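Colleague: dropping a prediction and its sequence here:
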Amino acid sequence: MKRIALHFLICTLAVFLLSGCSNSDEYTAGNVTVEVQNMVGSEALQLETKTYTSPAGDTYSVSNFKYYISNVKLISQDGQRVFIEPDSYHLIAQGGKTAFELKDVPAGVYTSLEMAIGIDQARNHSTDQYGDLDPSNEMAWDWDTGYKFLTLVGAYSGNTKTGNLVFHVGGDANYKTVTMNLPQAVDIRAKPKYNLTLQADVNELFGGPNLIDFDVMNTGGHGAGPSVLAENYSNGFLKVTEVK
């Protein structure tokens with residue numbers, strides 16, 4: 001009887017250990033959905049119907065807001081494991097596409113997210129484009145080869161003036177890479193599907209490091225030179241708020 005009980009205990013333990021090992025190795029790849037929420041401070045951005053206050057104290061509304069996110073990467077804490085999304089170009093548009101999926105992410109523990117705002121030089125000057133880079137998306141310049149990396153159109157009321165806001169930022173100098181720490185690690189070994197929520201704060205475009213007064217600057221970014229809006233969107237415009 002004791003021998004039977006011992007044999008049963010050993011078998012049970014073996015099954016438990018094998019089960020534990022198979023669980024840890026079960027997921028060799030997974031998918032990560034990235035959702036972007038366009039915000040103004042703590043409020044969701046609304047087109048046309050809502051008026052906001054800029055960091056400089058001007059009031060404004062937005063009728064069109066689009067920007068490119070590209071070259072998305074997931075990076076491990078030690079930097080040894082990096083997932084690079086192939087053909088990584090996503091047009092985020094308020095009232096349109098606001099999410100995309102990173103597919104076949106290899107098993108690993110990822111602690112930061114890297115992406116660019118804009119289109120890298122090689123693709124920015126290519127004429128063989130498709131998907132979100134299709135010129136029919138109305139983000140290609142009509143006077144030159146290349147893309148608008150970010151467009152914001154609306155109206156404003158400043159201290160001394162009222163009028164239209166027209167910001168179209170493009171040019172290779174304004175391609176900016178940002179890296180964001182994840183509030184919780186993405187562990188593809190333990191779970192095959194994750195959702196990352198990013199927030200993009202429109203007010204950050206006008207707040208820092210360059211404070212923009214709409215009475216002084218209410219249009220810009222049409223040339224190929226450095227843009228103060230690009231400096232701003234590389235500093236706090238995007239942040240990861242949730243991992244689940």
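Modeller: Done, it's in.

Colleague: give me the low-pLDDT residue ranges for this structure?
Modeller: Applying pLDDT under 70 to the chain flags residues 1-25, 222-224.

Colleague: let's see it at 50
Modeller: For the chain, the stretches with pLDDT under 50 are 1-24.

Colleague: spatially central residue in it, please.
Modeller: Central residue of the chain (C-alpha atoms, centre = their mean): Ile69, 5.6 Å from the mean position.

Colleague: who does that one bridge with?
Modeller: Note on Ile69: beta-bridge partners by DSSP bridges are His90, Ile117.

Colleague: my guess is it contacts Ala116, does it?
Modeller: Yes. The criterion here is C-beta atoms under 8 Å, and Ile69 meets it with Ala116 at 7.2 Å. To be clear about C-beta, it is placed using only N, CA and C from the backbone, and glycine gets the same treatment.

Colleague: please give the element, helix or strand, for Leu165.
Modeller: Using DSSP states H and E, the element containing Leu165 is strand 162-170.

Colleague: what's the neighbour count on the residue lying closest to Gly236 once chain neighbours are set aside?
Modeller: Distances taken as C-beta to C-beta, 6 or more residues apart in numbering place Glu204 nearest to Gly236, at 5.0 Å, with adjacent residues excluded. Neighbour count of Glu204, defined by other C-beta atoms under 10 Å: 20.

Colleague: surely Glu204 is within a helix?
Modeller: Yes. Glu204: assigned to a helix according to DSSP: H, G, I helix; E, B strand; the rest coil.

Colleague: quick one on the thing from earlier: which residues touch the residue nearest to the centre of the chain?
Modeller: Each residue near Ile69 by C-beta atoms under 8 Å, 6 or more residues apart in numbering is listed here: Val36, His90, Ile92, Phe100, Met115, Ala116, Ile117.
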